[in-house]
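Enquirer: A predicted structure for the sequence below; I have some questions about it.
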Amino acid sequence: MVKSLKRMMVSIFILILPFPVFSRDVNWRGTDEYGIASDPTFNPDTLKGNPKILWQAELGRGYSNVVLSGDYLYTTGSEWNVNKVYCLNRKSGKVVWTIQYKCASGNYPGPKATPVLDGDNLYIFSQEGQLHCLDSKTGKIKWMKDFKKLANLKPPSWGQAGTPVILGNMILLNAGDGGIALNKTNGAFLWKTSGTSGYATVVPFKSRDSQMAAIFGYDTLYSVDVKTGKKGWSVNWKNSSNVNAADPLIIDNRIFISSDYNRGCALFEITDNSIKKIWENKTISSHVGSFIYKDGFIYGINGSPSGSGSSINCIDVKNGKSQWKAVKGFGSLVGVNNYIVFLGEKGDLLVARLFADKYVEVAGTKLPKKGLFWTAPYVMDGRLYARSDRGNLYCIDVK
């Protein structure tokens, strides 16, 4: 029997889906394993008409999302082959501290992974494969690993993207062709693989008494024993660009995966040492974004950037059949209470009911157009954070 963990996840390469929980220090997708935040102060009516922007900040190029703790907000950006790490006051948006380090901006410039907090440690994974451990209070570098030099790592075409995952005393990364594990205190390698990385974030799960991880590589989904790094079952999953970017979704003893380039999606059943396909179709071809799961239904984005036919889709997990689709263009979505919050790449911000039988939109607004909004919205404590690829970060009142 496989049991999924309440985990800190990341999705991906360019698009990042945080699902925070109200009034807690939160990393990435937070503690809700199916991607639905609980925020009793969230009011959809605030997103009718002109949004109330509390503050905005300029961060430089990139797709990194934010992580919050107490009065502080952390994120990253890039300018002219220099990466910057920011600590902002989350109430005012003012800079508390910032550090910078050399890093090639790359294709689709800037960092893709989201920072991760663990106590006073802040972990930053760059598009080139540098992992920094910083003091979250001061920004002081505690240690740094450069995987291109130390692990013969080959970043994928658009740069490293998977957010670090903290599991016990280790850090797990989708780096190399089968992942890398380090001691979170000092950065010492516990095990490592070389070769080309995938884009998605590592997803931990348990199989009987073994702690495993699902690693969505550039052309294969692997299961890995996190203690040893030994690979178990695998699923070949190729597409024309070798971009598997959306995080695998584990639902009890099943795992759902999806990618774009006309590849589609599939659901598998996991047993002790093997995996069996339940169904496969093209109801959701996710370019970069991860998913919401609730009461037997999966919600995700089907389609590509700048694709006029891109849509929000709801499918039945039992058979993969489409329940409804809403053609809203390319974007990302998160769950908040009983709502879907969708952010389109052109700044359209929509709220719909989290219903499996029909799409019911209840609010909508538009953000100032400054670049493309491929990073998912982040909702916490009555505030919504939205970032463009040019680094414009908006804090919006949604109480």
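Expert: Looks like it came in fine. Residues are numbered from 1 along each chain as shown.

Enquirer: Now residue 354: closest residue in space, sequence neighbours ignored.
Expert: Take residue 354 and drop its neighbours on the chain: the residue closest to it by C-beta to C-beta, 6 or more residues apart in numbering is residue 338, 5.0 Å away. (Each C-beta comes from the backbone N, C-alpha and C, glycine too.)

Enquirer: Ignore what I typed, I meant residue 377.
Expert: That would be residue 343: by C-beta to C-beta, 6+ apart, it lies 4.6 Å from residue 377.

Enquirer: pretty sure the one you found is touching residue 330, no?
Expert: No - here residue 343 does not reach residue 330: they are 10.3 Å apart, not a contact under C-beta atoms under 8 Å.

Enquirer: neighbours of the residue nearest to residue 377, just the number please.
Expert: When neighbours are defined as other C-beta atoms under 10 Å, residue 343 has 24 of them.

Enquirer: and if you look at residue 302?
Expert: Using other C-beta under 10 Å, the number of residues around residue 302 comes to 26.

Enquirer: and it, what is it in contact with?
Expert: 283, 284, 285, 286, 310, 311, 312, 313, 325 (C-beta atoms under 8 Å, 6 or more residues apart in numbering).

Enquirer: Now do the contacts for residue 172.
Expert: Contacts of residue 172 (C-beta under 8 Å, 6+ apart): 164, 165, 166, 179, 180, 181, 202, 204, 213, 226.

Enquirer: got it, and residue 60?
Expert: Here residue 60 is in contact with 77, 78, 79, 84, 110, 391 (C-beta under 8 Å, 6+ apart).

Enquirer: Put together a markdown table for those residues, with pLDDT and secondary structure on each row.
Expert: A markdown table is the format used below for the contacts of residue 60 (pLDDT from 0 to 100; DSSP: H, G, I helix; E, B strand; the rest coil):
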| residue | pLDDT | secondary structure |
| --- | --- | --- |
| 77 | 98 | strand |
| 78 | 97 | strand |
| 79 | 93 | strand |
| 84 | 98 | strand |
| 110 | 96 | coil |
| 391 | 94 | coil |
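
Enquirer: List just the nearest of the contacts of residue 172 to residue 368.
Expert: residue 164 (31.6 Å; C-beta to C-beta).

Enquirer: Backbone dihedrals for the closest one, both of them.
Expert: Backbone torsions of residue 164, given as degrees, to the nearest 10, read phi -60, psi 150.

Enquirer: what's the answer for the one 5 residues further on, then?
Expert: Here the main-chain torsion angles of residue 169 (degrees, to the nearest 10) amount to phi -100, psi 10.

Enquirer: OK, contacts around the spatially closest residue to it that is not a sequence neighbour?
Expert: Excluding the flanking residues, the one nearest residue 169 by C-beta to C-beta, 6+ apart is residue 184, at 5.8 Å. Residue 184 sits next to 118, 121, 123, 133, 166, 169, 170, 171 when contact means C-beta under 8 Å, 6+ apart.

Enquirer: distance of the fourth one from residue 268?
Expert: It refers to residue 133. Noted for residue 133: a distance of 35 Å to residue 268, by C-beta to C-beta, to the nearest Å.

Enquirer: That'll do, ta.
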